[in-house]
Structure formats: C-alpha cells, structure tokens
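Enquirer: pasting the structure only:
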Ligand code: P6P
C-alpha cells in the first residue's frame with residue numbers, strides 16, 4: 001500500500017479551512033486560536049518536565065476560588081495572559097485564577113473577542129503526574145467599541161453564545177479538542193513534539209449516545225440529596241438489560257474525565273452537595289468549565305445539564321459562579337435531569 005506522504009492535517013490548516021468556510025471570517029479568530037495554541041505548547045513543555053525542575057509544588061498562595069495555587073497554575077496563567085494580551089483581538093480576558101476581568105493594557109490594540117479560561121484545571125494532580133488540562137471559551141463581545149473599561153455585561157453571556165470552546169489535555173500525549181459550534185463538529189489534534197505541531201488525530205468526534213461509565217466523587221455521597229443518591233445507585237445497580245452496573249472511573253481532573261467519556265461514552269457528574277456552605281451549587285465553575293465543555297459535548301451529540309435544564313441556556317450573573325454539572329452521553333444526562341427534576345423515579 002502506498003506510504004502516506006506528509007504529516008497529515010495540522011491544526012493551522014484545519015482552522016484556516018474552517019475560516020475559508022465562513023464567508024464573513026476576518027482571520028481575527030484564526031489569529032486568536034493560533035496564539036492560544038502557542039501558549040498551550042509552552043505550558044505542555046513545562047508540564048512535561050515539571051518533575052525535573054523546581055516548578056512542582058505549591059506557591060503557598062490561595063486563589064479566588066479559595067484553592068491552594070500550584071506553581072504550574074501560576075505559570076500557565078501568566079503564559080496565556082502574556083501571549084494573548086498583545087494580539088489585538090481581545091477586549092478582555094477572564095481566568096479562573098483571577099477574581100476580576102483581566103483588562104488589555106492600553107499599549108495594545110483591542111478587539112471584539114472575549115477569552116475565558118481555566119489555565120490548568122486539575123492542578124491538585126500536578127505533582128502526582130495525573131493528566132491535567134487548559135479549558136478555553138471564546139465569545140464575541142455584545143457591543144463593538146473601544147471603551148477602556150469593558151463592562152461585565154459584555155462577558156456574562158450564556159454558553160450558547162460561545163463562538164468556540166475546547167481544551168488542551170496534558171496527558172500521555174498533549175491533545176487539543178475544540179469546536180466552533182453551529183454544527184461544525186468536534187475535532188481532536190495530537191501534539192507531535194518532534195514537529196511541534198498539533199496534527200488531526202480525531203476528526204468529527206461523536207460521543208456514544210449511551211454511557212458505559214459514570215464519573216463522580218462518591219466520597220461526597222452523604223452530602224448529596226436523595227435524588228442524587230438514587231441516580232448514582234441506579235448506575236451501580238445490576239441490570240444486564242440496560243448494561244448496568246456502569247464502570248466507575250474518576251480521575252479527579254475534569255478534562256481527563258470528560259475526554260475519556262467523550263471518546264468512549266460516559267456521564268460525568270459534579271452535583272451540588274451540602275459539604276461546603278460557600279459552594280451550595282457544586283464545585284465547578286459555569287463560565288470556564290461547564291460552558292466550554294457543554295458546547296463541545298453538544299457538538300459531539302451529547303448533552304450537559306445543571307439538573308434542571310441545559311447548561312448552555314444559563315444566564316450568568318457572576319464571573320465565577322458555580323453550577324452542578326451532569327455532562328456526557330445524551331441518554332444518561334437526560335435521565336439524570338429527569339430524576340433531578342422529579343419527573344422520573346428510579
Ligand atoms: P473533587 C480540579 O480541582 C477540579 O476543579 C476538576 O478538575 C475536578 O473534576 C474536580 O475539581 C475534582 O473535585 O472534589 O472530586 O476533588
């Protein structure tokens with residue numbers, strides 16, 4: 001059989017192809033994504049040598065989420081901010097690590113996009129060598145203008161308004177998975193370190209409609225309400241006909257758990273619990289975790305719910321608001337939502 005020439009489709013080619021397919025594309029979006037990819041390559045290099053240099057461990061600081069900040073967290077956050085602030089395509093940024101909007105310094109031109117990100121999600125796993133990730137979400141600002149102070153209203157948009165979303169996964173290999181929504185599908189790219197290029201490895205990812213795996217931190221079982229307990233008990237019950245019990249898989253790193261379920265089928269849930277009165281609606285953040293993954297899973301044929309309705313329909317009121325999250329294979333998430341709404345009793 002003839003040997004395949006070349007290296008396949010690079011992420012740059014893929015983004016350009018998407019741009020060509022979009023008549024009113026200006027190339028601004030392409031520039032934005034390409035610069036974000038450079039930032040991810042720098043982060044990937046540091047993550048992959050974290051064990052070798054003094055970048056492991058904690059800075060001792062506590063972030064806006066009241067979580068201990070790991071050094072790589074700080075590094076990843078700075079890399080993204082520094083690389084993205086000068087490209088002239090953003091009016092502001094939002095990071096899981098920063099309490100307030102990140103303004104674009106006046107020395108740089110502004111643009112009409114908003115970038116939100118979790119620079120290094122799963123950071124508690126950094127020094128035990130478990131996969132971690134960067135999650136990103138991109139919106140167009142609602143009103144174009146060059147006002148110095150971007151009002152919060154420009155950023156607090158429902159997830160359905162995202163123009164792109166995805167994640168980088170720093171695992172056994174570094175991957176990028178993204179979608180531009182509107183039926184464009186979800187595509188995965190694997191970084192070839194020898195080339196320094198992300199190459200198309202998973203074209204048009206579709207999540208199996210039915211799960212085989214459930215992912216939840218069962219250590220929180222006694223903090224859940226009865227509906228949540230009934231739902232997780234359902235996944236664990238023996239019932240050959242409906243392929244139960246499901247396999248339990250929980251890495252404790254959202255991007256790793258989500259990515260496995262995206263490729264193989266599964267439901268991930270981080271329900272609300274009464275463990276921490278400061279986090280009555282669960283631990284995960286709407287704007288920088290739930291929304292981007294909800295767009296990806298929707299484009300892959302799955303579904304994401306907060307237990308009452310679609311994540312992508314939630315009208316945000318705060319930058320770092322949290323939400324319960326049920327995400328993955330469509331049939332299982334729809335069942336979870338019906339149970340949480342009291343429409344279905346298990
Ligand atoms: P728990 C990591 O800190 C994170 O935000 C997600 O990546 C992960 O899914 C979740 O928290 C794990 O939380 O409470 O199960 O340790």
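Expert: Here it is on my side, so go on. Small disclaimer: the values here were computed from a predicted structure and weren't measured.
Enquirer: enumerate the residues of the chain near the ligand.
Expert: 121-122, 124, 217, 252-254, 283 (CB under 6 Å from any ligand atom). Heads up, the C-betas are built off the backbone N, CA and C, glycines and all.
Enquirer: the single nearest residue of the stretch 1-150 of the chain relative to the ligand: what's its closest spatial neighbour, skipping adjacent residues?
Expert: Proximity of the stretch 1-150 of the chain to the ligand (CB to the nearest ligand atom) peaks at residue 122, 4.0 Å away. In this structure, residue 122 finds its nearest non-sequential neighbour in residue 253, 2.9 Å apart by CB to CB, 6 or more residues apart in numbering.
Enquirer: can you report how many residues lie near that neighbour?
Expert: 22 (other CB atoms under 10 Å).
Enquirer: how close does residue 303 get to residue 110?
Expert: 35 Å (CB to CB, to the nearest Å).
Enquirer: repeat that for residue 62.
Expert: 31 Å.
Enquirer: same check on residue 80?
Expert: Counting by CB to CB, the gap from residue 80 to residue 110 is 17 Å.
Enquirer: show me the contacts for whichever residue of the stretch 101-250 of the chain sits closest to the ligand.
Expert: Residue of the stretch 101-250 of the chain nearest the ligand, by CB to the nearest ligand atom: residue 217 (3.4 Å). Each residue near residue 217 by CB atoms under 8 Å, 6 or more residues apart in numbering is listed here: 250, 252, 270.
Enquirer: and residue 114, by the same measure?
Expert: Residue 114 neighbours (CB under 8 Å, 6+ apart): 90-94, 138-141, 150, 154-155.
Enquirer: between those, which is closest to residue 43?
Expert: residue 93 (15.5 Å; CB to CB).
Enquirer: hang on, the closest one in a strand?
Expert: Yes: under DSSP: H, G, I helix; E, B strand; the rest coil, residue 93 sits within a strand.
Enquirer: contact partners for residue 172?
Expert: residue 131.
Enquirer: any idea which element it lies in?
Expert: Here residue 172, judged by DSSP states H and E, is contained in no helix and no strand.
Enquirer: what's the answer for residue 335, then?
Expert: Taking DSSP H and E as the criterion, residue 335 maps to helix 330-340.
Enquirer: now that helix: mean pLDDT?
Expert: Across helix 330-340, pLDDT averages out at 97.
Enquirer: got the residue ranges for the helices in the stretch 201-346 of the chain?
Expert: When secondary structure is read from DSSP state H, counting those that start in this stretch, the stretch 201-346 of the chain shows helices at 226-236, 254-264, 291-299, 330-340.
Enquirer: quick check on the residue positioned nearest the centre of the chain: phi, psi?
Expert: By CA atoms, centre = their mean, the chain has its centre lying nearest to residue 135, at 3.8 Å. Main-chain dihedrals, residue 135, degrees, to the nearest 10: phi -110, psi 140.
Enquirer: one more: residue 152?
Expert: Dihedral angles (degrees, to the nearest 10) for residue 152: phi -60, psi -30.
Enquirer: kindly report the same for residue 204.
Expert: Torsion angles, degrees, to the nearest 10, at residue 204: phi 50, psi 70.
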